[in-house]
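# coords please:
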Amino acid sequence: MFKKIVTTFLVFTFFAINAQIEKEISPPFNIKTVAFFQEGNSVFPFFQIGESFEIQFDDLYANEADYYYTITQYNYDWTPTNLSKVEYLQGMDNQRIMTYQNSYNTLQPYSHYKQVFPNKFNRITKSGNYMLKIFNDEQEIIFSKKFVIYEDLLGVSMKIRRARDFESINEKQNVELTINYGENILQNPKQNVKVAIFQNGNWNTAIFNIKPQYTIGSELIYRYNKETQFWAGNEFYIFDTSNIRITNNTVAQVTAGDIYNSHLYLNAARKNKVYTYFPDFNGNFYVKNVSAVDNSEIESDYTWVYFSLEAPDFFSDKNIYVNGMFNGYAKTDEYKLDYNKEKGIYEKAILAKQGYNNYQYVIADKNGAIDFKEAIDGNFYQTENIYTTLVYYRGNNDRYDRVIGRASINSELIRN
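Here you go, the predicted model:
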């Protein structure tokens, strides 16, 4: 009886703890092009403390709805922080987003929202993991986005190498790290320092909970064979709708309706083909209307983008999704390909904002778990990716996880 009680208690505790882990909430259909921006460009969501950045998004209902935001800090593992809000936020959140404009000269009307941080109402005072939550005027959450505030306190060097095991030597890239904390006094750094490693700023593929293998003086060394490996993937595809009325080397046909329809060229699965390099934005996107003379943010239209994929070797009960930073790497029905039996191809029409957009095809099960090994476009160690490392630290008596360092490297510098 006692054993059953203990088991029940442990199971309950396990699920209670895991239920507290915060996850992003994908926006509804009417909210599009959600991203963090700096200097007019969408960026990975890692910002130095005090640095200016923005959240931007469009509401296709175009009714100038009121939206509000909150900022909440989380621990390294995305469980709630022990700090009260006044300890990490100077001022008050739950503020209305005041900066918005309606689209101009577009077939698809929308209201474009923009909120800058820090601002006169609030300023984040501590580094760490944060979640930005957007609410409507009925205090219903619309979507949420993760971001990280970091301090630049120590040195981080990175190297990208090919995998060392023969099974994945041609398919994976391995990240090696050296953290030099110099004269900083860190308590038990081998236990209290943690890292998060990102490929192209994507939370879905990030690696966590890797401890240093050994230390040399004030350096923490990470030279694992498998624990820090990423599936290399393939170069992202791109579609260019910057001139929405004409075709180009990515858009095969343009048709008109209530809004424009951009039919992309058929993509053929590249898994069993030879790797070919071509430049991409590592999953990013750039809003651009080449005909706009003033402001592409509100003069760029939306178009139905028709994707088509030929994948005759794909036999699975899993789903294929189109994703990239333009849709927040979301794996929802809105971005799931449908199989056309008559044509023998997978298809989907997705509403996307005018500009230059990277995208990829991913395989995922009903729970959203991605199948990297059987990737539609294969994995090639030569693929150019950007890797970013964030260094977290929590002293023995600290009540939150600081982020005390950041570094990035491009895998073009990959070594054997």
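
# Just checking the distance from stretch 293-306 to the centre of its chain.
22 Å (Cα atoms, centre = their mean, to the nearest Å).

# ok, now stretch 116-125?
The answer for stretch 116-125 is 23 Å, by Cα atoms, centre = their mean.

# how far does it stretch from start to finish?
Start and end residues of stretch 116-125 are separated by 16 Å (Cα to Cα, to the nearest Å).

# same question, stretch 20-37
Terminal residues of stretch 20-37 are spaced 29 Å apart (Cα to Cα).

# Now do that stretch, average pLDDT.
Across stretch 20-37, the average pLDDT comes to 96.

# for that stretch, which positions count as buried?
Buried residues in stretch 20-37, defined by neighbour count with 16 or more other Cβ atoms under 10 Å: 22, 24, 26-27, 31-37. Glycine gets a C-beta too; all of them are placed from N, C-alpha and C.

# Ok, stretch 264-284 next?
264, 267, 269-271, 275, 280-284.

# quick one, strands of the stretch 101-250 of the chain?
Applying DSSP state E, counting those that start in this stretch to the stretch 101-250 of the chain gives strands spanning 111-117, 122-124, 128-136, 141-150, 155-162, 172-180, 193-199, 207-208, 214-216, 219-222, 229-231, 237-240.

# Check which helices and strands the fifth one sits against.
Meaning strand 155-162. With contacts taken as 3 or more Cβ pairs under 8 Å, 6 or more residues apart in numbering; DSSP states H and E, strand 155-162 sits against strand 172-180, strand 386-393, strand 402-410.

# change it to 10 Å
Packing partners of strand 155-162 (3 or more Cβ pairs under 10 Å, 6 or more residues apart in numbering; DSSP states H and E): strand 172-180, strand 219-222, strand 229-231, strand 386-393, strand 402-410.

# Over to the third one?
Applying 3+ Cβ pairs under 10 Å, 6+ apart, one finds that strand 128-136 contacts strand 31-38, strand 53-59, strand 67-74, strand 111-117, strand 141-150, strand 386-393, strand 402-410.

# closest to residue 131 among the buried residues of stretch 20-37?
residue 22 (5.8 Å; Cβ to Cβ).

# and that closest one, what is it in contact with?
72, 74-75, 77-80, 129, 131, 133, 144, 146 (Cβ atoms under 10 Å, 6 or more residues apart in numbering).

# ok, of those residues, which come out buried?
Among the contacts of residue 22, those classed as buried by neighbour count (16+ other Cβ under 10 Å) are 72, 74-75, 77-78, 129, 131, 133, 144, 146.

# Check the gap between residue 104 and residue 326 for me.
Distance of residue 104 to residue 326, computed by Cβ to Cβ, to the nearest Å: 21 Å.

# before we move on, what about residue 102?
21 Å.

# Of those two, which one has the most company?
Shown here are residue 102 and residue 326; by other Cβ atoms under 10 Å, residue 326 has more neighbours (28 against 14).

# That one belongs to a helix, doesn't it?
Yes: with DSSP: H, G, I helix; E, B strand; the rest coil as the criterion, residue 326 is part of a helix.

# if I pick the residue nearest to it when sequence neighbours are not counted, what's in contact with it?
Of all residues not flanking residue 326 in the chain, residue 285 sits nearest, at 4.1 Å (Cβ to Cβ, 6 or more residues apart in numbering). The contact partners of residue 285, taken as Cβ under 10 Å, 6+ apart, are 33, 35, 41-42, 238-239, 324-327, 352-353, 355-359.

# Mind checking which of those residues are buried?
If we count by 16+ other Cβ under 10 Å, those have these buried: 33, 35, 42, 238-239, 324-327, 352-353, 355-359.

# returning to that earlier point: measure the residue nearest to residue 326 to residue 279 for me?
Distance of residue 285 to residue 279, given as Cβ to Cβ: 14 Å.

# want to try a markdown table for the helices and strands packed on strand 155-162, with mean pLDDT, distance to residue 48 and mean neighbour count as columns?
Shown next, in a markdown table, are the helices and strands packed on strand 155-162 (pLDDT from 0 to 100; distance: least, Cβ to Cβ, whole Å; neighbours: other Cβ atoms under 10 Å):
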| stretch | mean pLDDT | distance to residue 48 | mean neighbour count |
| --- | --- | --- | --- |
| strand 172-180 | 97 | 17 | 22 |
| strand 219-222 | 96 | 21 | 18 |
| strand 229-231 | 97 | 25 | 22 |
| strand 386-393 | 98 | 11 | 22 |
| strand 402-410 | 97 | 8 | 19 |
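
# Cool, thanks, signing off.
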